[in-house]
Structure formats: structure tokens, C-alpha cells
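Trainee: here are the coordinates; sequence isn't available:
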């Protein structure tokens with residue numbers, strides 16, 4: 001018997017990661033349906049990402065999201081949630097492009113990546129609304145080939161306008 005090109009012998013044990021994905025968020029951006037799936041089986045795995053939380057962050061969590069646009073995966077987000085004094089204070093996220101749905105650089109029109117970030121940050125703000133620090137902030141780092149969006153940072157707030 002073979003598993004992924006490896007021959008198995010009697011008594012060998014095969015370990016597989018069980019996938020636990022749930023719909024975390026749905027929305028519409030520029031006429032397109034987007035769905036964020038949280039990959040719960042990857043929770044708290046940082047995969048070598050340096051989140052660089054400020055010194056006041058006493059505890060953090062890591063979550064992973066896959067974003068599908070009209071049924072096709074277009075983005076992956078690795079998101080660190082920072083907590084201090086029992087309050088939710090920071091989001092540090094890494095955006096990884098999948099496929100060609102998102103332009104590498106925004107030049108004009110709707111910046112779909114910025115709208116995806118706004119949806120994600122707003123959803124997190126709703127989740128932690130009762131523990132949200134008044135100075136809570138987010139920052140997004142982009143993996144190549146994405147570039148030129150230094151404006152993907154700011155206050156964490158609930159966005160209710162601007163989405164279809």
C-alpha cells in the first residue's frame with residue numbers, strides 16, 4: 001500500500017491532520033460573494049510568523065482563514081490576536097495571495113484586499129466587542145507578490161457601511 005508516494009508496511013502508523021473548517025464570515029465586495037473559512041485545526045500554530053506584538057500584549061492567539069471569492073480561494077490570512085489587561089488590543093495579520101483574483105498592487109477602483117481586511121477586522125471587533133480596548137489597532141503584512149498597500153493598518157472598529 002502507498003500513501004503520498006511512501007510505501008507502507010504492516011504495522012506502520014499513518015497520521016493525518018483532520019481538517020476542521022467553519023464559515024466565519026460572509027459578505028459581498030464589488031458584486032462578488034466572499035466567504036471566510038476559519039481553519040480551526042490550525043489554531044495557535046504560527047508557522048514561523050513573527051507577529052511582533054507590542055510589549056503590553058500579555059497573551060495572544062493565532063487563527064487562520066481561507067477566503068473564497070465566488071467559490072474560488074483567493075486569499076489566506078494568518079491572524080494574531082493580542083490581549084492585554086484582559087482586553088483585546090491588537091490584530092497582526094499576514095495576507096497571502098492565492099490565484100489571480102486579487103491584483104498584486106492596487107492602482108484604481110475598488111481595492112478588494114483592503115475591503116477583505118475591513119470585513120475581517122470588523123468581524124473580529126464584533127466578536128470581541130465586550131472586551132475591545134478603545135485604542136485597539138491592526139496591521140497587515142503582505143506576502144509577495146502583493147505590495148504597495150502600506151495603508152493596511154489602523155483602529156479596530158465595526159464597519160457597517162460600504163459593503164453590499
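Mentor: Arrived safely, thanks for sending. Because the structure is predicted, anything quoted here is derived from the model rather than measured. Residues are numbered from 1 along each chain as shown.
Trainee: just checking, residue 30 touches residue 114?
Mentor: No: in terms of Cβ atoms under 8 Å, residue 30 does not count as a neighbour of residue 114; the distance is 11.2 Å. Any C-beta I mention is one placed from the backbone N, CA and C, and that applies to glycine too.
Trainee: what sits up against stretch 126-144?
Mentor: Residues from elsewhere that reach stretch 126-144 (Cβ atoms under 8 Å, 6 or more residues apart in numbering): 81, 83-97, 113, 117, 121, 125, 149, 152-156, 158.
Trainee: just checking, which of those belong to helices?
Mentor: Mapping those onto helices (DSSP state H) picks out 113, 117, 121, 125.
Trainee: go ahead and confirm the second one touches residue 94.
Mentor: Same thing as residue 117. No: look at residue 117 against residue 94 with Cβ under 8 Å: they stay out of range, at 11.5 Å.
Trainee: the two: which is more packed in?
Mentor: Set residue 117 next to residue 94 and count neighbours by other Cβ atoms under 10 Å: residue 117 wins out with 23 against 19.
Trainee: from residue 25, how far out is the residue nearest to the spatial centre of the chain?
Mentor: Central residue check for the chain by Cα atoms, centre = their mean: the C-alpha nearest the mean position is that of residue 77, 2.8 Å away. According to Cβ to Cβ, to the nearest Å, residue 77 and residue 25 sit 11 Å apart.
Trainee: and for the two, which residues touch both?
Mentor: Shared contacts of residue 77 and residue 25, counting by Cβ under 8 Å, 6+ apart, come down to 36, 120.
Trainee: which parts of stretch 82-100 are buried?
Mentor: For stretch 82-100, the neighbour count (16 or more other Cβ atoms under 10 Å) marks 82, 83, 84, 88, 89, 90, 91, 92, 93, 94, 95, 97 as buried.
Trainee: how about these, which pair is most distant?
Mentor: Greatest spatial distance among the buried residues of stretch 82-100 (Cβ to Cβ): 84 and 97, at 31.2 Å.
Trainee: helices of this protein, start to end?
Mentor: In the chain, the helices defined using DSSP H lie at 112-127.
Trainee: what's the angle between the longest strand along it and helix 112-127?
Mentor: Determined from DSSP state E, the single longest strand within the chain is strand 72-84. Relative orientation of strand 72-84 and helix 112-127, computed by axes from the mean of the first three to the mean of the last three Cα atoms, to 10 degrees: 40 degrees.
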